[in-house]
Every structure is written in C-alpha cells, then in structure tokens.
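Q: my questions concern the predicted model and sequence given below.
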Amino acid sequence: MKIIKADTQKQLKQFILFPWKIYSKVGPWVPPLISDTVEILSENKNPFWMHAKRQLFLACDNDINVVGRIAAIIDYNYISFQDDRCGFFGFFECVDDVKIAKSLFLAAENWLKEQNIYKMIGPMNPSTNNECGFLLYGFDISPSLMMPYTPKYYLRLAEQSSLKKIKELYAYDMDVKEDSRMSRLGKVVAVVKKKLPMLKVRSICKSSYQKDLEAVMSVYNRAWERNWGFVPWCDEEFMVIASKLKMFIDFKMILIATVEDVPVGTLISIPDYNQVLKKLDGKLLPLGIFKFLYYRRKIDSLRLMIMGVTKEYRHKGIEAVMYEKSLRNALRLGYNHCELSWVLDDNIMTQRTAEMMNGKIYKKYAIYGS
C-alpha cells in the first residue's frame, strides 16, 4: 500500500469516483452529482480556493486499485477570522483498514506541517459552509441535502488513528403537519408584533432575487460570526452558491426579517433534493435529467439550513415570527417533514427552539481533531 498525491486528471477522476467503491446503491448513502464534486474541487471554478488551497491524496494497494482518499485543506479566511492557525482534512473515504486510514491522516497532517500548520480538524468538505463531520448517530437514515453520510467504522478508524472528537453537531427532525405549535406561535407572534411594529417578515422574490440574496448574506455573516468554526462567505462564493441554488429553491421558504426596512434576520429552508439525487447515481446527463424532472415533483421534505438574527435583535421573538411564517408556508405547499441542521452541541438556545417546535434529534455528527 502506498499514498500518492492525486495531481493528474486520471488521479482526480479516481479520487472523485472512489466513494462508489465504499457505499451500496441500496443503502442510505446518496451519491453526489459527479459534476458538483468536480466543481467543488476545481481551483478554477470554485471561488473558495481564492482564499484556500488543498492537496488531494489517494491510498493505493497497487498502481490501479484505490483503497482510500483524503484532502488536506488550508482556509486562510478561517485562520484569519477565527484567529486559529488550523488546517482541515476532508473528503475522507476509506476501506475498513486502520493502517490505511492512519496513513491517509498522516499524509494530510504532514502536508499541513509543510505549510507550517500544526493542528488539523475535520472532516470539512471543504469548509463548515459545506458538508462536514462523520456520522455519529442515525446510520439507517439517508442524509438531507448538503449533509454527509459516512459508515460507522469511520469513527473507529479516526479514533484508532489518534484523532479526538472535539465537537458534535445535531440534526433535528420536525413533523410539518403536526399543528399544535401554531396556537403557541401565534400568541408569541402577536406579542412580538406589538413590541416591534416596524418588523416585517417576507419571502424573497424572483424579481428582486439578487438584492434579496445580498440581504440574506449580510444577515448570515453578522448573525453567525461568533459561532464555532464560522467563516463568512465572500461575495464570489455566495453568488456562485446563489446561482446554483436558484433552480432548486422554493422562494416561499426563504424569509427575510426587516425592521424599518433594514435586514435583521433570515430563515432558509431548501427542498430536500437528496430525494431526487438518490435516483440519479451521480449523473444528470443524458438520461438523469428526466428522472430529475420527474422526482423533483415528489419532494416532501425540507432542510432548514440557516436561521439567524443579528445580535442587536436577538431575544426579541423575531425567530418565532419567522418560524411561524415558515411553518404556514410549508403546510400550504404540502411539505411533510423538515430537518433542522446542523446545531452545535453547545448551542442551547437553538436546541430549545427546536424542541419547542417539537423537533427531535435523529442524527448526530462528529468533528475530530489531532
């Protein structure tokens, strides 16, 4: 067995396609679109790499057979914003062999040390604004959009490679159809609107999509700035993501809260397109597009992926107003379930809010560090 740098086009293709050797098509894993993975890793197409760099590695038991992969990543925006000289590992996939896993983690660590980075956490694919974590609980359930699925033995491989669990992330399942919350929320909303008569909560509009998304990004970067692992989106990253999501979003499920027309809160729920991707086996073309168009009409779940209020307007009930409007819209549009993810293990306020909405933890993820 040897570890090699995946620098050629052939090796990059092997890196991207390796997960199909690990996961069963009939299991909970959802194959990512191959074209999306290519774009995420592309230093020319993904603006993340304007402030980051990476080295891809493959583990091979001969010159042909790949048995593992890993990426070593340095995000200079993270180092600067968090004041934490730390690198990431990401895109880890491996057969159940601790020797191979140790070699992959060591390759990533050594590359980071060559860049004068002596601490490593992960998995980040490639940052906290994307998929991150090893699945810790909920192995019989398919992941929601932009959430990872990994085998249970990855936890053992990480721990036997001397990595320590440093953080847990929670995913809550909420039944949209369950309506006992509406009366409670309605009373809170009435009180909030009386105290903040200038508060407005609305969905984004197709006609003002660009302007609305700029408001969303502004709120996101201000509301989350003190969260563990947070790195603000730069304009180029956000606009690339916004452009990609435009064909997937349900405009009624992205909310902006304003006070005197100044954006102070946002709530973003995205239809769970993993229900569609599960049918495509990583390929949209040529025939996958027909499956995509057919199955997208059957999506019945959401992922609530961002909810935040700027510091000066927290604890005033704005979150409840957004939840109430979001729930009403989801009920009207026919969604049955919503995943709220991810929530930090020490974010007690959001955990209580999820519980107030009758949410239950049904998946957990772990971040490891060296």
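A: Yes, it's here.
Q: how does this protein divide into domains?
A: 2-170, 174-365 (automatic domain parsing).
Q: want to throw those domains into TSV with mean pLDDT?
A: As requested, the domains of the chain are arranged in TSV below (pLDDT from 0 to 100):
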stretch	mean pLDDT
domain 2-170	96
domain 174-365	91
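Q: can I get the longest strand seen in the chain in CSV, CA atoms only?
A: Looking across the chain with DSSP state E, the single longest strand is strand 164-175. This file holds the C-alpha atoms of strand 164-175, laid out as CSV (Å, rounded to 0.1, in the frame of the first residue of the first chain):
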residue,chain,number,x,y,z
LYS,A,164,-10.1,13.0,19.2
LYS,A,165,-13.7,14.0,19.0
ILE,A,166,-13.9,17.8,19.6
LYS,A,167,-17.4,18.8,18.6
GLU,A,168,-20.8,17.2,18.0
LEU,A,169,-23.4,18.6,15.5
TYR,A,170,-27.1,17.7,15.8
ALA,A,171,-29.9,17.3,13.2
TYR,A,172,-33.5,17.6,14.3
ASP,A,173,-36.5,16.1,12.6
MET,A,174,-39.7,18.1,12.7
ASP,A,175,-43.1,17.0,11.5
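Q: tell me the strands beside it, with direction?
A: strand 337-344 (antiparallel), strand 360-369 (antiparallel) (DSSP bridges).
Q: from the ones you listed, which stretch is densest packed?
A: Among the strands paired with strand 164-175, ranked by average contacts under mean count of other C-beta atoms under 10 Å, first place goes to strand 337-344 (a mean of 22). All C-beta atoms are positioned from the backbone trio N, CA, C, and that covers glycine.
Q: and for the helix or strand just after that strand, what's in contact with it?
A: Sequence-wise, the next helix or strand downstream of strand 337-344 (DSSP states H and E) is helix 348-356. Helix 348-356 has contacts (C-beta atoms under 8 Å, 6 or more residues apart in numbering) with 170, 172, 174, 181, 184, 307, 319, 323, 340, 343, 344.
Q: report the buried members of those.
A: 170, 172, 174, 181, 307, 319, 323, 340, 343, 344 (16 or more other C-beta atoms under 10 Å).
Q: tell me who's in contact with the first one.
A: Which is residue 170. 341, 342, 343, 344, 345, 351, 361, 363, 364, 365.
Q: quick check: closest non-adjacent residue to the last one.
A: It refers to residue 365. Residue nearest to residue 365 in three dimensions, not counting chain neighbours: residue 133, with 3.2 Å by C-beta to C-beta, 6 or more residues apart in numbering.
Q: that neighbour is in contact with residue 363, isn't it?
A: No: assessed by C-beta atoms under 8 Å, residue 133 is found out of contact with residue 363, at 9.8 Å.
Q: can you tell me the helix or strand for the closest residue to residue 16 other than its chain neighbours?
A: Counting by C-beta to C-beta, 6+ apart, residue 16 lies nearest to residue 37, which is 5.0 Å off, once chain neighbours are set aside. Following DSSP H and E, one finds residue 37 within helix 34-41.
Q: got the CA positions of that helix in CSV?
A: The C-alpha coordinates for helix 34-41 follow below in CSV (Å, rounded to 0.1, in the frame of the first residue of the first chain):
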residue,chain,number,x,y,z
ILE,A,34,-20.2,13.9,-10.1
SER,A,35,-20.2,17.3,-11.8
ASP,A,36,-20.8,19.0,-8.5
THR,A,37,-17.8,17.3,-6.9
VAL,A,38,-15.7,18.3,-9.8
GLU,A,39,-16.7,21.9,-9.4
ILE,A,40,-16.2,21.9,-5.6
LEU,A,41,-12.6,20.6,-6.1
